[in-house]
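1. need a structure here:
(one chain, ligands or ions: 2)
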Amino acid sequence: MNIALFGYGKMGKMIEKIALKRNHDIVAKIDLDATDINFSEIDVAIDFSMPNAAYGNIKNCLEHNVPIISGTTGWLQDYQKAVALCEKNNGAFIYASNFSLGVNLFFELNSYLAKLMAPQDQYRVAMEEIHHTQKLDAPSGTAITLAEGVIENTNYTKWKLDSAGNMEIPITAKRIGDTPGTHTVTYESEVDSIEIKHTAHNREGFALGAVIAAEWIVGKTGVFTMKDVLNLS
Ligand SMILES: NC(=O)C1=CN([C@@H]2O[C@H](COP(=O)(O)OP(=O)(O)OC[C@H]3O[C@@H](n4cnc5c(N)ncnc54)[C@H](OP(=O)(O)O)[C@@H]3O)[C@@H](O)[C@H]2O)C=CC1
Ligand SMILES: O=C(O)C1=N[C@H](C(=O)O)C[C@H](O)C1
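-> Ligands and ions are numbered 1, 2, ... in the order given. Coordinates of the predicted model:
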């Protein structure tokens, strides 16, 4: 498969390594607003760029009929526009806040736990995410997806960074060293705590998931999620 990488930073480089091992070719590495991209040679594009660049990259690919996988976080105010554009162009598009198998299993566990906790109003939920100091957005996309999983299954209504009001989920974002990504969901009562935690040891899981999603989407049309790719529930 001929893959184009939009964003050739920490993730772009890790994806290149894994894609080459899986016998794919990297035909473009795009780090800025490039104008001379040869879309006709690209089978699928993978975007791990920056919050202010992701939507433009996705739009460019969809308008050139190139399937696009995006893992960039912090651009979700434009997500519905990307969905509409994909449908209009009969294209193919996946966004995931986290492409690792482990975190996608963790999302399922989080939803299941939220369902169990919904009637237990002696517990209050809180979330913490820890990432490296170069991360631009907070809270992480993964923490937002976890909060959405709780909101869908309980009476919580929204999430907030740091402090939160009644029926709001507080998310604490910490930036420490080179941390690849650690997410904790805690339910706390007067007498005990219940905690679930996912710790990424490196970026390989994110990158492998993105390449698997790219392999999966070629030949399909529509807007998909990692649940579709991994065949989860
Ligand atoms: N969904 C997931 O599983 C994961 C998501 N992420 C997300 O992926 C994104 C990238 O992460 P990471 O690789 O660590 O970040 P980096 O900062 O290491 O890399 C981002 C790259 O994007 C480049 N860039 C800037 N503008 C554009 C543009 N217009 N088009 C294409 N590329 C551009 C930057 O180039 P330059 O340096 O020259 O500005 C840089 O090389 C972040 O949003 C992060 O949150 C990260 C890990 C997993
Ligand atoms: O910026 C990162 O590094 C990561 N970003 C994603 C997020 O915002 O959730 C996924 C992962 O945690 C690493």
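
2. center of the chain - which residue?
-> With distances taken as C-alpha atoms, centre = their mean, the residue of the chain nearest its centroid is residue 97 (1.2 Å).

3. What is the neighbour count of the residue nearest to that one when sequence neighbours are not counted?
-> Among residues not flanking residue 97 along the chain, residue 141 sits closest, at 3.1 Å (C-beta to C-beta, 6 or more residues apart in numbering). Yep, even glycine has a C-beta here, placed from its N, CA and C like the rest. As a burial measure, residue 141 scores 21 neighbours (other C-beta atoms under 10 Å).

4. contacting residues around residue 141?
-> Shown in contact with residue 141 (C-beta atoms under 8 Å, 6 or more residues apart in numbering): 73, 74, 76, 97, 98.

5. likewise residue 90?
-> By C-beta under 8 Å, 6+ apart, the residues touching residue 90 are residue 221.

6. That one and residue 64: what is the separation?
-> Between residue 90 and residue 64 the distance is 13 Å, computed by C-beta to C-beta, to the nearest Å.

7. list the buried ones in stretch 213-225?
-> Residues of stretch 213-225 classed as buried by neighbour count (16 or more other C-beta atoms under 10 Å): 213, 214, 215, 216, 217, 223, 224.

8. again with stretch 112-124
-> 113, 114, 117, 124.

9. Was I right to think residue 31 contacts residue 7?
-> Yes. Counting by C-beta atoms under 8 Å, residue 31 touches residue 7, with 6.9 Å between them.

10. The two: who's more crowded?
-> residue 7 (24 against 14).

11. ok, the more buried one - contacts?
-> Applying C-beta under 8 Å, 6+ apart, the residues contacting residue 7 are 30, 31, 47, 48, 49, 50, 53, 57, 72.

12. how close does the second one get to residue 61?
-> Which is residue 31. For residue 31, the distance to residue 61 equals 16 Å [C-beta to C-beta].

13. Then the last one?
-> Using C-beta to C-beta, we find residue 72 at a distance of 13 Å from residue 61.

14. So for those two, which residues contact both of them?
-> Common neighbours of residue 72 and residue 61, using C-beta under 8 Å, 6+ apart, are residue 47.

15. Farthest pair within the buried residues of stretch 112-124?
-> Distance extremes for the buried residues of stretch 112-124: the farthest pair is 113 and 124 at 13.9 Å, using C-beta to C-beta.

16. joint contacts of the two?
-> With C-beta under 8 Å, 6+ apart as the test, residue 113 and residue 124 both reach residue 187.

17. Quick one: classify the residue lying farthest from the centre of the chain as helix, strand or coil.
-> Relative to the C-alpha centroid of the chain, counting by C-alpha atoms, centre = their mean, residue 191 is the outermost residue, at 34.4 Å. With DSSP: H, G, I helix; E, B strand; the rest coil as the basis, residue 191 sits in coil.

18. For residue 17, see how far away it is.
-> Distance from residue 191 to residue 17, counting by C-beta to C-beta: 48 Å.

19. Is the longest helix anywhere in the chain positioned near ligand 2?
-> Longest helix of the chain, by residue count under DSSP state H: helix 101-117. No. Legend: contact between helix 101-117 and ligand 2 by C-beta under 6 Å from any ligand atom is lacking; minimum distance shown is 7.4 Å.

20. what's near enough to touch residue 155?
-> Counted by C-beta under 8 Å, 6+ apart, residue 155 has contacts 118, 167.

21. Which residues are in contact with the residue nearest to residue 24 when sequence neighbours are not counted?
-> Leaving out its chain neighbours, the residue that sits closest to residue 24 by C-beta to C-beta, 6+ apart is residue 1, at 4.7 Å. The contact partners of residue 1, by C-beta under 8 Å, 6+ apart, come to 24, 25, 43, 44, 214, 215, 218.
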